[in-house]
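>>> Dropping the sequence and predicted coords here.
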Amino acid sequence: MAIFDTGIRSDHPHFHNIKRTNWTNENSLDDNIGHGTIVVGVIASENEECLGFAPDTEIYAFHVFTDSQVSYTSWFLDAFNYAIATEMDVLNLSIGGPDNMDLPFVEKVVGDANALIL
């Protein structure tokens, strides 16, 4: 499962099966905002007191937002294309913002989602 977000905290004790990639201009993969870590927790937490709904899932954390919560369509589309090319089973986009109607973004996400759902 690919998670497109702010990354994931590398020292978080509730996750073990995480692969992380950076698509931003930052040098760190760590989630200094917390949103990506929360999303991954809901999905894949292995803690019995707060178990995710799919704790055995292999997670690919795509760091597509900076610590300033900035992302560019080009970063996102590069990561999205990589996830599709490597045949990820599920793509999670728990994202929003002022650019959510950016035409290249909308065409790619909606077009590929429709093709993949069929």
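Okay, I see it.
>>> What's the local residue count around residue 56?
Residue 56 is flanked by 8 other residues according to other Cβ atoms under 10 Å. For every residue, glycine as well, the C-beta is placed using N, CA and C.
>>> same question, residue 73
Using other Cβ under 10 Å, residue 73 has 15 neighbouring residues.
>>> and if you look at the one 10 residues further on?
When counting by other Cβ under 10 Å, one arrives at 21 neighbours for residue 83.
>>> how about the nearest residue to residue 5, chain neighbours excluded?
Spatial nearest neighbour of residue 5, chain neighbours left out: residue 36 (3.4 Å); criterion: Cβ to Cβ, 6 or more residues apart in numbering.
>>> Now find how far off-centre the helix or strand harbouring the one you found is within its chain.
Assessed by DSSP states H and E, residue 36 sits inside helix 35-44. Remark: helix 35-44 is offset 9 Å from the chain centroid, using Cα atoms, centre = their mean, to the nearest Å.
>>> list the buried ones in it?
Across helix 35-44, burial judged by 16 or more other Cβ atoms under 10 Å covers 35, 36, 37, 38, 39, 40, 41, 43, 44.
>>> which of those lies closest to residue 69?
Distance to residue 69, by Cβ to Cβ, is smallest for residue 35 among the buried residues of helix 35-44, at 8.4 Å.
>>> Against residue 86, how distant is that closest one?
According to Cβ to Cβ, to the nearest Å, residue 35 and residue 86 sit 24 Å apart.
>>> now the residue lying farthest from the centre of the chain, what's its secondary structure?
Distance from the C-alpha centroid of the chain, by Cα atoms, centre = their mean, peaks at residue 49 (23.9 Å). With DSSP: H, G, I helix; E, B strand; the rest coil as the basis, residue 49 sits in helix.
>>> So which elements touch the helix or strand harbouring residue 79?
For residue 79, the host element (DSSP H and E) is helix 73-85. Packing partners of helix 73-85 (3 or more Cβ pairs under 8 Å, 6 or more residues apart in numbering; DSSP states H and E): strand 2-5, strand 59-63, strand 91-92, helix 103-117.
>>> Of those, which shows the lowest average pLDDT?
Per-stretch mean pLDDT for the helices and strands packed on helix 73-85 is lowest at helix 103-117 (a mean of 61).
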